[in-house]
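Colleague: One predicted model, sequence on top.
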Amino acid sequence: MNISRRTFVKNSALTVAGTALFSRQILSSRKNKHILGIQLYSVRDDMKKDPAGTLKQLTAMGYKNVEHANYVDRKFYGYNATDFKKLLKDTGLEMRSGHTVMGRQHWDESKNDFTDVWKYTVEDAATVGQDYVISPWLDESYRKDYDGLKRFLEVFNKSGELCKKSGMRFGYHNHDFEFSQKINDQSIYDIILKNTDPKLVIQQLDIGNLYNGGAKAIDIVQQYPNRFLSLHVKDEVPASSGNEKYESAILGAGIVNVKDVIALVGKHNKGVHYIIEQESYQGKRPLDCAKEDLAIMKSWGY
């Protein structure tokens, strides 16, 4: 695959000493400053109906950063990477991370290389300005065999190397099975963290999802204090329907002790991405929940 224009320009600039120093200073400042944003899955129906209008409403609320959950056929919410970046800029937003599941179809074992589909995924992420390319799922077939899981986690590391070439990092986002399922008497999550290189693979801890797996967010952060450069900031209440015990809710309304968890993460990690996500609304409008969650985070000093 041809090198992206972003990578070409970046590499060319680095040949000039003064520009290189300036670039490193900017990147260092960017990495060491935390950001506050929203996962667009929180307003998924609104984004499906009117992406541009929904982004404008989020900006009006005070959001400056978003995280995508929709990348299909090289398009973000129906826009190619260049056009979506322009839409974000025109709306006053940045998209520093996004979710795209990396699976078996993205790695060619016969060639020991990624397929073009994954290479394009990384290229488009770089074009829109992401810091992190995050996979939010682990196929069930990888959760049954210890050696097979370890081999796929090496692909995680290789994806980190690929992302690094464009100034990004690869990441993984948990659900609940990582804590409830075990292989060789180890939780899936422990295996993931023990077999991924922190310099290449960041962990985005969803501090709400794990409760349905029998874990507590504060315990996981205490176990791995230096591994979380991104969080899905979420609270949980008893579920009103469905098969899961808990569902997400307005921050501060549930059992997560959100304020304490995110403060502990911030104590041990610089430049954390605090990404608000609410998937259930207890009768409220999703956009109203997004506004309320942001106000709560700001009242906590974020």
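Modeller: Received, thanks. Just so it is clear, the model here is predicted, and its values are computed rather than measured.
Colleague: got the residue ranges for the helices in the stretch 1-150 of the chain?
Modeller: 5-13, 17-32, 44-49, 51-61, 81-91, 116-128, 146-164 (DSSP state H, counting those that start in this stretch).
Colleague: right, so those: which one is the most enclosed?
Modeller: Counting by mean count of other C-beta atoms under 10 Å, helix 116-128 has the highest mean neighbour count of the helices of the stretch 1-150 of the chain, with a mean of 20. The way it works is simple: take the backbone N, C-alpha and C, and place the C-beta from them, glycine included.
Colleague: just checking, what packs against that one?
Modeller: Packing partners of helix 116-128 (3 or more C-beta pairs under 8 Å, 6 or more residues apart in numbering; DSSP states H and E): helix 5-13, helix 81-91, strand 94-99, strand 132-135, helix 146-164.
Colleague: Could you export the ones you listed as TSV, including mean pLDDT and distance to residue 207?
Modeller: Formatted as TSV, these follow (pLDDT from 0 to 100; distance: least, C-beta to C-beta, whole Å):
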stretch	mean pLDDT	distance to residue 207
helix 5-13	40	32
helix 81-91	98	26
strand 94-99	98	16
strand 132-135	98	15
helix 146-164	98	21
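Colleague: Can I get those in CSV including distance to residue 115?
Modeller: Below are the helices and strands packed on helix 116-128 laid out as CSV (distance: least, C-beta to C-beta, whole Å):
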stretch, distance to residue 115
helix 5-13, 19
helix 81-91, 18
strand 94-99, 19
strand 132-135, 15
helix 146-164, 11
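Colleague: Of all those, which one comes closest to residue 119?
Modeller: Closest approach to residue 119 among the helices and strands packed on helix 116-128 is made by helix 146-164 (7.3 Å; C-beta to C-beta).
Colleague: Can you dump the C-alpha atoms of that closest one in CSV for me?
Modeller: Only the C-alpha atoms of helix 146-164 are listed here, as CSV (Å, rounded to 0.1, in the frame of the first residue of the first chain):
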residue,chain,number,x,y,z
TYR,A,146,-4.3,-20.1,25.3
ASP,A,147,-1.6,-20.4,22.6
GLY,A,148,-4.0,-19.1,19.9
LEU,A,149,-4.8,-16.1,22.0
LYS,A,150,-1.2,-15.4,22.6
ARG,A,151,-0.5,-15.5,18.9
PHE,A,152,-3.3,-13.0,18.2
LEU,A,153,-2.0,-10.7,20.9
GLU,A,154,1.3,-10.6,19.1
VAL,A,155,-0.8,-9.3,16.1
PHE,A,156,-2.0,-6.6,18.5
ASN,A,157,1.6,-5.7,19.0
LYS,A,158,2.3,-5.7,15.3
SER,A,159,-0.8,-3.4,14.9
GLY,A,160,0.9,-1.1,17.4
GLU,A,161,4.0,-1.1,15.2
LEU,A,162,1.9,-0.3,12.2
CYS,A,163,0.1,2.6,13.9
LYS,A,164,3.4,3.9,15.3
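Colleague: what's that helix in contact with?
Modeller: 102, 107, 114, 118-119, 122, 125, 133, 135, 141-143, 169-170, 172, 183-184, 188, 191-192, 195-197, 199-201 (C-beta atoms under 8 Å, 6 or more residues apart in numbering).
Colleague: which of these count as buried?
Modeller: Buried by 16 or more other C-beta atoms under 10 Å: 102, 107, 114, 118-119, 122, 125, 133, 135, 142-143, 169-170, 172, 183, 188, 191-192, 195-196, 200-201, out of those.
Colleague: Show me these that map onto strands.
Modeller: 107, 114, 133, 135, 169, 170, 172, 183, 201 (DSSP state E).
Colleague: From those, pick the one nearest residue 98.
Modeller: Set against residue 98, the nearest of those by C-beta to C-beta is residue 133 (6.8 Å).
Colleague: For the closest one, name its beta-bridge partners.
Modeller: Here residue 133 shows beta-bridge partners residue 98, residue 170, assigned using DSSP bridges.
Colleague: residue contacts, it?
Modeller: The contact partners of residue 133, taken as C-beta under 8 Å, 6+ apart, are 97, 98, 100, 121, 122, 125, 159, 163, 168, 169, 170, 171.
Colleague: so where's the stretch 151-300 of the chain uncertain?
Modeller: Along the stretch 151-300 of the chain, no part satisfies pLDDT under 70.
Colleague: give me phi/psi at residue 285?
Modeller: Per-residue torsions, residue 285: phi -70, psi 140 (degrees, to the nearest 10).
Colleague: contact partners of stretch 243-256?
Modeller: Residues contacting stretch 243-256 (C-beta under 8 Å, 6+ apart): 176, 207-208, 211-212, 217, 233-240, 258-259, 276-280, 282, 284, 289, 292-293, 296-297.
Colleague: Alright, I will stop here.
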